[in-house]
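# show me the folded form of this:
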Amino acid sequence: MTESKAEQKPASEKKGKSKYDYSNGPPPLNINLAWCKACNICIALCPAQVFEPDRDGKPVLARGEDCNQCAICWVHCPDFAITSNYK
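The predicted structure is shown next:
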């Protein structure tokens, strides 16, 4: 029974974490804060909840490792302030 526990996947793979590895490269998203008007559409629509607002209400990539590159944030951004570094 101990052998089956050793062969189990790590907890990060069980929880449905992102299939992308951002540990050795740039963050998954680029946010141009000069273009952003703090509408918070990206924060509201993100299914992985990777954004948090800063003190001005603009999005900050707080949990980039959870980003799954679904494209919802950059497609719905009215200011074109969000771009992907991977797609």
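# OK, contacts around K87?
Residues near K87 by C-beta atoms under 8 Å, 6 or more residues apart in numbering: Q69, A71. For glycine as for every other residue, the C-beta is placed from the backbone atoms N, C-alpha and C.
# need the pLDDT of the residue nearest the centre of the chain.
Note on the chain: the residue nearest the mean C-alpha position is C67, at 2.8 Å, using C-alpha atoms, centre = their mean. What the model reports as pLDDT for C67 is 93.
# quick one: which helix or strand includes V60?
Element membership of V60, judged by DSSP states H and E, is strand 59-61.
# an error on my part: the question was meant for W74.
Assigned by DSSP H and E, W74 falls in helix 72-76.
# buried residues in the very next helix or strand once past that helix?
Moving toward the C-terminus from helix 72-76, the next helix or strand (DSSP H and E) is strand 82-84. Within strand 82-84, the residues scored as buried using 16 or more other C-beta atoms under 10 Å are I82.
# excluding sequence neighbours, find me the nearest residue to R63.
Distances taken as C-beta to C-beta, 6 or more residues apart in numbering place V50 nearest to R63, at 4.6 Å, with adjacent residues excluded.
# show me the contacts for that neighbour.
L29, L61, A62, R63, G64, D66, C67.
# now the buried members of those residues.
Using 16+ other C-beta under 10 Å as the burial test, the contacts of V50 include L29, L61, G64, D66, C67 as buried.
# hmm, back to that, from the contacts of V50, which ones fall inside strands?
Among these, the subset assigned to strands under DSSP state E consists of L29, L61.
# nearest to V75 among the contacts of V50?
Using C-beta to C-beta, L29 is the member of the contacts of V50 that lies nearest V75, at 12.3 Å.
# returning to what we had before: report all helices and strands that the helix holding W74 contacts.
On a contact count with 3 or more C-beta pairs under 8 Å, 6 or more residues apart in numbering; DSSP states H and E, helix 72-76 meets helix 41-45, strand 82-84.
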